[in-house]
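Participant: When you get a sec, could you give me coordinates for this:
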Amino acid sequence: MSHAPQEPAVNPLPPVVVALFIAIVVPEAIFSLGQAGLVGGPGAVGWRQAAIQTYAFSGDVFDWMLANGIWPGEHLIRFVSYPFVHFSITHAAIAGVFVLALGKMVAEKFGQWQMLAIFVLSGAFGALVYGLVLDDPYPLGGAFPPDYGLVGAFTFLLWRGLGAVGENQARAFTLIGALLGIQLLFGLIFGGSGDWVADLAGFVAGFGLSFVLAPGGWASIRAKIRHD
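Facilitator: Okay, the predicted model is just below:
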């Protein structure tokens, strides 16, 4: 008598999501242990600050590159490295949870490489807009802009699903509205930088990229172009 294979109680996370989560939490664990004096000796206290200076996105450095037309690789890497440098353990923990939750959904619906592309490109676009719009010397760090890109992809799925059943597609934007509202409230209470600009840009990038990267998205675009 044959038995159907037993399904796991918890769906496994896609490997790309696990890899991104590890890339977020491992540096933070090292920085936190160094600050606590548990590894690295006295010099470990400055590891986080050194990483921020080297790998976080800097508006001042971007302005210098833009003004001089010089684009060193050591500074261009900041567009994709800053999401893995956080300012505190809480900052990294929340960003990591976003990756696990939204990354899993997007990877399962879009595909792993598509999810990774949304994460990386949304983060880079968020940094670009941050550098162009603001004149803020405060560095941009952490995975929230690419996380918001995943929110954009998830919103696209809701938006397309609501449209398919004739429902009001504006309801799909409830999540991003709530997130930005909470961010604004915290900013008013505790103060904050203009990194919400990068977050919003990341969301826009993630939503826009979904038209191409979602299953059947590129085919539908080509069909529309041919029809027009």
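Participant: hey, let's count contacts and neighbours off CA atoms from now on
Facilitator: Noted.
Participant: Spell out the residue ranges of the strands in the chain.
Facilitator: Shown for the chain, no strands are assigned by DSSP state E.
Participant: The spatially most central residue of it - nearest residue in space that isn't next to it in sequence?
Facilitator: Centroid-nearest residue in the chain: Pro146, 1.4 Å away (criterion: C-alpha atoms, centre = their mean). Distances taken as C-alpha to C-alpha, 6 or more residues apart in numbering put Gly123 closest to Pro146, at 4.2 Å, once the chain neighbours are dropped.
Participant: ok now do Val204, which residues does it touch?
Facilitator: Gly149, Gly152 (C-alpha atoms under 8 Å, 6 or more residues apart in numbering).
Participant: Check what pLDDT it gets.
Facilitator: What the model reports as pLDDT for Val204 is 96.
Participant: Over to Asn168?
Facilitator: 82.
Participant: Who are the contact partners of it?
Facilitator: By C-alpha under 8 Å, 6+ apart, the neighbours of Asn168 are Leu162.
Participant: Got phi/psi on it?
Facilitator: The phi/psi pair for Asn168 (degrees, to the nearest 10) reads phi -70, psi 110.
Participant: so Asp63 makes contact with Gly131?
Facilitator: Yes. Under the criterion of C-alpha atoms under 8 Å, Asp63 makes contact with Gly131 at 7.3 Å.
Participant: Neighbour count: the two, which is higher?
Facilitator: Gly131 (24 against 14; other C-alpha atoms under 10 Å).
Participant: Would you state the predicted confidence (pLDDT) at the residue nearest to the more buried one when sequence neighbours are not counted?
Facilitator: Nearest-residue entry for Gly131: Gly59, 5.0 Å, with adjacent residues in sequence omitted and distances by C-alpha to C-alpha, 6+ apart. You'll see Gly59 listed with a pLDDT of 92.
Participant: In contact with Gly59, which residues?
Facilitator: Gly59 makes contact with Tyr130, Gly131, Leu134, Asp135, Asp136, Pro137, Tyr138, Pro139, Leu140, according to C-alpha under 8 Å, 6+ apart.
Participant: and of those, the nearest to Trp71?
Facilitator: For these, the closest approach to Trp71 (C-alpha to C-alpha) belongs to Gly131, at 14.2 Å.
Participant: Quick check: the closest one vs Asp60, distance?
Facilitator: 8 Å (C-alpha to C-alpha, to the nearest Å).
Participant: before we move on, back to that, can you give me the distance of the residue nearest to Gly131 to Pro139?
Facilitator: For Gly59, the distance to Pro139 - C-alpha to C-alpha - is 7 Å.
Participant: Ala117 too?
Facilitator: From Ala117 to Pro139 the distance is 23 Å (C-alpha to C-alpha).
Participant: Looking only at neighbour counts, state which of these two leads.
Facilitator: Pro139 (19 against 15).
Participant: Identify the residue spatially nearest to the more buried one, adjacent ones excluded.
Facilitator: Nearest one to Pro139, counting by C-alpha to C-alpha, 6+ apart, is Ser58 at 4.8 Å.
Participant: Run a quick neighbour tally on Gly43.
Facilitator: Each residue near Gly43 was counted by other C-alpha under 10 Å, and the total is 11.
Participant: can you pull the contacts of Val120?
Facilitator: So Val120 contacts Val80, Pro146 (C-alpha under 8 Å, 6+ apart).
Participant: ok, so what distance separates it from Phe144?
Facilitator: Taking C-alpha to C-alpha, one finds Val120 at 12 Å from Phe144.
Participant: Kind regards, and thank you for your time.
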